[in-house]
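# What shape does this take:
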Amino acid sequence: MKKFEILMPVKKDESQIEKEYGGSSGNGASFASTAIDFNEITSFIESLGSYELDNIELNLEAAVETNGITKLFVGASGTAGVKVTIKKKN
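Numbers count the residues shown, from 1 in each chain. Sure, this is the predicted structure:
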């Protein structure tokens, strides 16, 4: 199985309120990237109790292969992003 990482942008140098609540303007922010950990996503959803993961949709902007790992990049604007859909358990 080929190894891959999905990388999301992380805003740097933002105000404290944006750090806590996830600002959306992007003004005056520099970006780094961090890998998405699907185990953390599923653990969070499981902690909600009466909900379960329905779908994860990735809209990517780029891909690059380095050292045998394919890195898929989620963009910071436009239609790129990650959409996690949850649903009530039956």
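
# residue boundaries of the strands in the chain?
3-12, 30-35, 51-66, 69-74, 81-88 (DSSP state E).

# I'd like the ones you listed as CSV, with mean neighbour count appended.
For glycine as for every other residue, the C-beta is placed from the backbone atoms N, C-alpha and C. Formatted as CSV, those follow (neighbours: other C-beta atoms under 10 Å):
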stretch, mean neighbour count
strand 3-12, 16
strand 30-35, 11
strand 51-66, 12
strand 69-74, 15
strand 81-88, 12
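
# Ranked by average pLDDT, which of those falls at the bottom?
Lowest mean pLDDT of the strands of the chain: strand 30-35, a mean of 68.

# A63 is in contact with F73, isn't it?
Yes. Between A63 and F73 there is a contact at 6.9 Å, judged by C-beta atoms under 8 Å.

# coming back round to it: any chance of the strands of the chain in TSV, plus distance to S43?
Listed next are those as TSV, based on distance: least, C-beta to C-beta, whole Å:
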stretch	distance to S43
strand 3-12	17
strand 30-35	16
strand 51-66	11
strand 69-74	20
strand 81-88	13
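
# what's the closest residue to L7 other than its chain neighbours in contact with, if anything?
Excluding its sequence neighbours, the residue lying closest to L7 (C-beta to C-beta, 6 or more residues apart in numbering) is S33, at 4.2 Å. Counting by C-beta atoms under 8 Å, 6 or more residues apart in numbering, S33 touches L7, M8, P9, V10, F73.

# Just the closest of those to F38, please.
F38 has its nearest neighbour among the contacts of S33 in M8, at 12.1 Å by C-beta to C-beta.

# Roughly how far does the closest residue to the closest one other than its chain neighbours sit from E57?
Excluding its sequence neighbours, the residue lying closest to M8 (C-beta to C-beta, 6+ apart) is V74, at 4.7 Å. Separation of V74 from E57 (C-beta to C-beta, to the nearest Å) stands at 11 Å.
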